[in-house]
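Trainee: here you go, sequence then predicted model.
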Amino acid sequence: MNQANKLLMLIVVFGLIALAPMLITQESLLNIVIMTLYAALLGQAWNILGGYGGQVSFGHAAYFGTGAYAVAVLQVQFGINPWLGLVVGGFAAAAVGAFIGFCTFRYGLRGSYFALVTLAFAEVLRILSNSVDFTGAGVGLLIPLERSAANFQFASKEGFFWVIWAMTFAAFLTVWKIGNSRFGAQLMAVRDNEDAARALGVDAFRVKMGAIMLSGFFAGLAGVFYAQYFLYLDPHIAYGAAISVESLLVPIIGGMGTLFGPLLGAAFLHGLSELSRAVIGDAPGISLVLYGVLLVVMVLFVPRGLAGLASHLRSGKPAESRVEEGKGHA
Amino acid sequence: MLEINALCKSFGGVQASQSVTMTVPQGGITSLIGPNGAGKTTLFALITGFHTPDSGSVRFLGQDITCLPPEAIATRGMIRTFQTVQPFAGQTVRENIAVGAHLKIRGRTEALAKAEDVARQVGLGDRLDMDAGSLTVAGRKRLEVARALATDPKMILFDEVLAGLNPSEIRDVIPVINTIRDAGVTILLIEHVMQAVMSLSDYTWVLNQGAIIAEGPPREVVSDPHVIEAYLGKGMAERIAKREAASA
Ligand SMILES: Nc1ncnc2c1ncn2[C@@H]1O[C@H](COP(=O)(O)OP(=O)(O)OP(=O)(O)O)[C@@H](O)[C@H]1O
Ligand SMILES: [Mg+2]
């Protein structure tokens, strides 16, 4: 598919999703659509750095949690409007990205070393938020209920739908642009062969910094949305491993480094978790077990994800393995 | 154009570069030859910022570039290619070359158009949409040349772009290199294919065990006793083996 067609398809897909509030009257069903879009946003954020930049992060909760705490703390402790908190949350998360990026890329950390350090950063933030007062420490923060659009708390799910739809659409448009720009070309060059890219004048450090900040920004927006949607945060929700796992699982299932991968992955994952809830019930931890099994199956048998599988079926060519391609990069 | 002064580098006990001093004038093709393991690739890596020298300096266009990172040197107009080709596998030939084109060109469409032009110039015009990872060796060598050329460089360092090619492929690539020179790009090339060294280059430097042992026009250099000696071990062994095989 060429770039113009991808853009067209993106607009059509999000246009169709926009029909959801008209077609779906049941709040619980609309909730599934909202949570799928939210997962797609989080996954697309991870995809910018991990899929397009080849820098696999195990700690995207660091950005998500920063966005979520930013909006919550500003409201609860300082009475600042959450719409302003949305902006602050996005930029604060991008700043955390810049900090982590600087600490890791500066010293040439790659592959599993980079992944482990990101995990460590998220853990540090979790422990910090657990021990300081203004985040509510272990008790967490409860955002006071005050339903109004001006307060980023909508009376009906439809309002939340439009917010997450717009943010997710913006993330996908950004990633489309990445696939169609100098920055993106350089980012993918660094992913595929950093030495060759540098020999051609690509400033690998700067490009990776750009990717981690952009990635952090969108993960931060997902965090802000989460906080406003559920109105409750604690260190485990904000900076816990579950968010980090979900943000990488979505694009890995859907197809790393592809525009539509995170949407496919999010839809698949949410379909599956709804199904498991219907069949097994709400057993605690069951979704993590399911995620783990799924990750193993995908990495072993469908390494290019659902998007790769789709293009493979379309072209009839054998799907090559991303694992093979990535050999020697760590 | 390029002045290398007393460049030293050792890896553990191996002296890969022992006070190498050489110059490359603007325009034309200069070659760098020497037996396997002489330190040719290491010298390229030192010049282009992939290794930091233990001592010595490198000047390019009158400016000191000794400890600059590779991308800064590339931005100044000096591009290297890799002996072991390094394609961006999974990306098309067009996308690979466009990475080079983006050094000077911001716009995506313009960079892709430039990539197409350059691909034609090096004879990859028919493989633009192929995955770079599935190119033949000859194709990948051409891709290395194309990516370097797409950056619009002032100087290119070619590291054995002819190695692994058959005689007819070599005959195809030599004119490509000549065209690049004619366009005003200064070329420094490492080459084992003597026929190419003779026909392409104006001046030759010979490296052995990390040190320059001879320099001059290629025809004179190959008859230099020092040079013959440097190559002798390997050359003689091969010749004797051949003679024995022929008489057996
Ligand atoms: N990164 C490195 N670490 C340790 N030793 C190295 C490294 N790079 C090169 N060497 C050593 O330095 C010496 C010079 O190697 P180099 O690759 O520069 O030779 P070359 O002249 O390019 O040889 P060839 O003609 O085979 O390409 C060799 O002995 C090699 O083993
Ligand atoms: Mg070499």
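Mentor: That came through fine. Ligands and ions are numbered 1, 2, ... in the order given.

Trainee: how many neighbours does the nearest residue to B:Gly133 once chain neighbours are set aside have?
Mentor: With sequence-adjacent residues excluded and distances taken as Cβ to Cβ, 6 or more residues apart in numbering or on different chains, B:Gly133 is closest to B:Ala89, at 3.3 Å. In short, each C-beta sits where N, CA and C put it, glycine included. Residues near B:Ala89, counting by other Cβ atoms under 10 Å in any protein chain shown, number 19.

Trainee: surely B:Ala89 is within a helix?
Mentor: No: applying DSSP: H, G, I helix; E, B strand; the rest coil, one finds B:Ala89 to be coil, outside a helix.

Trainee: next, the contact list for A:Ile280, please.
Mentor: Residues near A:Ile280 by Cβ atoms under 8 Å, 6 or more residues apart in numbering or on different chains: A:Ile286.

Trainee: from B:Ser57, how far out is it?
Mentor: Look at A:Ile280 and B:Ser57: by Cβ to Cβ, to the nearest Å, they are 69 Å apart.

Trainee: need phi/psi at the residue most central in space within chain A.
Mentor: Chain A has A:Leu42 as the residue nearest its centroid, 1.9 Å off, counting by Cα atoms, centre = their mean. Backbone torsions of A:Leu42, given as degrees, to the nearest 10, read phi -60, psi -40.

Trainee: ok, it touching A:Ala219?
Mentor: Yes: look at A:Leu42 against A:Ala219 with Cβ atoms under 8 Å: they come within range, at 6.1 Å.

Trainee: what touches both of the two?
Mentor: Common neighbours of A:Leu42 and A:Ala219, counting by Cβ under 8 Å, 6+ apart, are A:His60, A:Phe64, A:Ser247.

Trainee: show me which of those residues are buried.
Mentor: The neighbour count (16 or more other Cβ atoms under 10 Å in any protein chain shown) marks A:His60, A:Phe64, A:Ser247 as buried among the shared contacts of A:Leu42 and A:Ala219.

Trainee: give the burial count for A:Leu264, as a bare number.
Mentor: A:Leu264: 22 surrounding residues under other Cβ under 10 Å.

Trainee: show me the contacts for it.
Mentor: A:Leu264 makes contact with A:Ile253, A:Gly254, A:Gly255, A:Gly305, A:Leu306, A:Ala307, A:Ala310, according to Cβ under 8 Å, 6+ apart.

Trainee: confidence score at it?
Mentor: On the pLDDT scale, A:Leu264 is placed at 93.

Trainee: what strand or helix carries it?
Mentor: helix A:261-280 (DSSP states H and E).

Trainee: buried ones in that helix?
Mentor: Of the residues in helix A:261-280, A:Gly261, A:Pro262, A:Leu263, A:Leu264, A:Gly265, A:Ala266, A:Ala267, A:Phe268, A:Leu269, A:His270, A:Ser273, A:Ser276 count as buried by neighbour count, 16+ other Cβ under 10 Å.

Trainee: my guess is the second one contacts A:Ile48. True?
Mentor: No: A:Pro262 is not in contact with A:Ile48 according to Cβ under 8 Å; the separation is 9.8 Å.

Trainee: joint contacts of the two?
Mentor: Taking Cβ under 8 Å, 6+ apart as the criterion, A:Pro262 and A:Ile48 do not both touch any residue.

Trainee: state the number of residues packed around A:Leu23.
Mentor: 10.

Trainee: wasn't A:Gly201 part of a helix?
Mentor: No: going by three-state DSSP, the assignment for A:Gly201 is coil, not a helix.

Trainee: find the nearest non-adjacent residue to it, please.
Mentor: Once flanking residues are discounted, A:Gly201 sits nearest to B:Ala74: 3.5 Å by Cβ to Cβ, 6+ apart.

Trainee: can you check the pLDDT for that neighbour?
Mentor: With respect to pLDDT, B:Ala74 has a value of 96.

Trainee: which strands or helices does whichever strand or helix holds it pack on?
Mentor: Here B:Ala74, judged by DSSP H and E, is contained in helix B:70-75. When contacts are defined as 3 or more Cβ pairs under 8 Å, 6 or more residues apart in numbering or on different chains; DSSP states H and E, helix B:70-75 packs onto helix A:194-199.

Trainee: so what's the closest residue to A:Phe205 other than its chain neighbours up against?
Mentor: Among residues not flanking A:Phe205 along the chain, A:Phe105 sits closest, at 5.3 Å (Cβ to Cβ, 6+ apart). Contacts for A:Phe105 (Cβ under 8 Å, 6+ apart) come out as A:Ala204, A:Phe205, A:Lys208, A:Met209, A:Ile212.

Trainee: so which of those residues sit within helices?
Mentor: Of the contacts of A:Phe105, the ones assigned to helices by DSSP state H are A:Ala204, A:Phe205, A:Lys208, A:Met209, A:Ile212.

Trainee: quick one: which of those has the most company?
Mentor: Within these, A:Ile212 tops the neighbour count with 27 neighbours, counted by other Cβ under 10 Å.

Trainee: ok, and the closest non-adjacent residue to it?
Mentor: A:Ile212 sits nearest to A:Gly101 (Cβ to Cβ, 6+ apart), 3.8 Å away.

Trainee: looking at the host helix or strand of that neighbour now, give me its mean pLDDT.
Mentor: According to DSSP H and E, A:Gly101 maps onto helix A:82-105. Averaging pLDDT along helix A:82-105 gives 96.

Trainee: which is the next helix or strand following it?
Mentor: Toward the C-terminus, helix A:82-105 is succeeded by helix A:111-131 as the next helix or strand (DSSP H and E).

Trainee: tell me what that following helix is packed against?
Mentor: So helix A:111-131, by 3+ Cβ pairs under 8 Å, 6+ apart, packs with helix A:61-78, helix A:82-105, helix A:235-239, helix A:241-254.

Trainee: low-confidence ranges in chain B?
Mentor: Along chain B, the parts satisfying pLDDT under 70 run over B:232-244, B:248.

Trainee: tell me, how many residues neighbour the nearest residue to B:His226 once chain neighbours are set aside?
Mentor: In this structure, B:His226 finds its nearest non-sequential neighbour in B:Ile213, 5.0 Å apart by Cβ to Cβ, 6+ apart. As a burial measure, B:Ile213 scores 17 neighbours (other Cβ under 10 Å).

Trainee: using the three-state scheme, assign B:Ile213.
Mentor: strand.

Trainee: any idea how far it lies from A:Ser247?
Mentor: 58 Å.

Trainee: surely B:Val206 is within a helix?
Mentor: No: assessed with three-state DSSP, B:Val206 is strand; it does not lie in a helix.

Trainee: surely it is in contact with B:Pro35?
Mentor: No: using Cβ under 8 Å as the test, B:Val206 is too far from B:Pro35 to be in contact (9.4 Å).

Trainee: thought the residue nearest to B:His226 was touching B:Ile228?
Mentor: No: the criterion here is Cβ under 8 Å, and B:Ile213 misses it with B:Ile228 at 10.8 Å.

Trainee: circling back: which of the helices and strands packed on helix A:111-131 sits closest to ligand 1?
Mentor: Ligand 1 lies closest to helix A:82-105 among the helices and strands packed on helix A:111-131, at 21.8 Å (Cβ to the nearest ligand atom).

Trainee: what residues sit buried inside that closest one?
Mentor: Neighbour counts using 16+ other Cβ under 10 Å place A:82-83, A:85-86, A:88-97, A:100-101, A:104-105 of helix A:82-105 among the buried residues.

Trainee: worst-scoring helix or strand of chain A, pLDDT-wise?
Mentor: helix A:322-325 (a mean of 39; mean pLDDT, DSSP states H and E).

Trainee: need phi/psi at the residue positioned nearest the centre of chain B.
Mentor: The centroid of chain B falls nearest to B:Phe158 when counting by Cα atoms, centre = their mean (1.6 Å). B:Phe158 adopts backbone torsions of phi -100, psi 120, taken as degrees, to the nearest 10.

Trainee: need the contact list for it.
Mentor: By Cβ under 8 Å, 6+ apart, the contact set of B:Phe158 is B:Thr81, B:Val145, B:Ala148, B:Ile177, B:Ile187, B:Leu188, B:Leu189, B:Ile190, B:Glu191.
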